[in-house]
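*Asks:* heads up, no residue letters with this:
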Ligand SMILES: NC(=O)CC[C@H](N)C(=O)O
């Protein structure tokens, strides 16, 4: 089977690390900034960064509606950290003018795990991923405050939900792309392959 083409939304955030992790997981990975580039990918990763800036740039680059449409049409998407925030149907502690794409029936609390200097690394048991817990880096990370019926909780940390999936849409509070452990990316690539 040919390898799926997976874009990384390259408006802002840690794009390069995701491109490397996706390539290691046997996907054809490329940055996506414009609607015509979005139209050419099978799936998309939304990286970590700063969700308020990402939201502003998505509006500025004319990407907000094309992104919403692709998510609604069932394109597989994986959001990490700020990317998780972008995929939330509802946000707590967001900025007033902050837009999200939605896609997962969940309420996400922004900056829930604290400030930059409270960033940490933790081993996370992840449902559906074998070979022991995955390494997660949490940087001003959000958590999932509550989920609706169609959402599967894949991982928790310290009693808080940090990884979820609703159909083709996956989100983690943490950054697996910064650890050299590519199993979450491989899990996503398998999701994409299953839908092709
Ligand atoms: N590492 C991250 O992506 C941080 C997310 C950031 N706190 C935000 O609100 O977007």
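*Replies:* Received it, and whenever you're ready, just let me know what you need. Please read all numbers here as calculations on a predicted model, not as lab measurements.
*Asks:* Quick check: residue 42 touching residue 191?
*Replies:* No. Counting by CB atoms under 8 Å, residue 42 does not reach residue 191; the two are 10.9 Å apart. (Glycine included, C-beta is placed from N, CA and C.)
*Asks:* For those two, indicate the residue with more neighbours.
*Replies:* residue 191 (20 against 17; other CB atoms under 10 Å).
*Asks:* for that one, helix, strand, or coil?
*Replies:* Residue 191 falls in the helix class when you classify it by DSSP: H, G, I helix; E, B strand; the rest coil.
*Asks:* what sits opposite the spatially most central residue of the chain in the beta ladder?
*Replies:* In the chain, the C-alpha nearest the mean C-alpha coordinate belongs to residue 79, at 0.7 Å (CA atoms, centre = their mean). Note on residue 79: beta-bridge partners residue 46, residue 171, judged by DSSP bridges.
*Asks:* List the contacts of it.
*Replies:* 45-46, 85-87, 169-172 (CB atoms under 8 Å, 6 or more residues apart in numbering).
*Asks:* Please determine how far it is located from residue 192.
*Replies:* 14 Å (CB to CB, to the nearest Å).
*Asks:* cool, and residue 69?
*Replies:* From residue 69 to residue 192 the distance is 18 Å (CB to CB).
*Asks:* quick one: buried residues of stretch 50-61?
*Replies:* 51-52, 54-58 (16 or more other CB atoms under 10 Å).
*Asks:* For residue 43, which residues are in contact?
*Replies:* So residue 43 contacts 4-7, 75-78, 188, 192 (CB under 8 Å, 6+ apart).
*Asks:* same thing but at 10 Å, please
*Replies:* Residue 43 is in contact with 4-7, 22, 27, 70, 75-78, 168, 170, 188-189, 191-193, 195-196, counting by CB atoms under 10 Å, 6 or more residues apart in numbering.
*Asks:* Tell me which of the residues you listed fall in strands.
*Replies:* 5-7, 77-78, 170 (DSSP state E).
*Asks:* Generate a PyMOL selection restricted to the buried subset of the residues you listed.
*Replies:* A single PyMOL command selects the buried members of these (16+ other CB under 10 Å):
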select buried, resi 6+7+77+78+170
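*Asks:* So which of the ones in strands among the contacts of residue 43 is the closest to the ligand?
*Replies:* When the ones in strands among the contacts of residue 43 are compared for distance to the ligand (CB to the nearest ligand atom), residue 78 wins out at 13.4 Å.
*Asks:* unless I'm mixing things up, that closest one is touching residue 166, no?
*Replies:* No. Residue 78 is beyond contact range of residue 166, at 11.9 Å (criterion: CB atoms under 10 Å).
*Asks:* Next, show the common contact partners of those two.
*Replies:* Common neighbours of residue 78 and residue 166 (CB under 10 Å, 6+ apart) are residue 87.
*Asks:* hang on, the earlier thing: what do residue 42 and residue 191 both touch?
*Replies:* What both residue 42 and residue 191 touch, as defined by CB under 10 Å, 6+ apart, is the set 4, 76.
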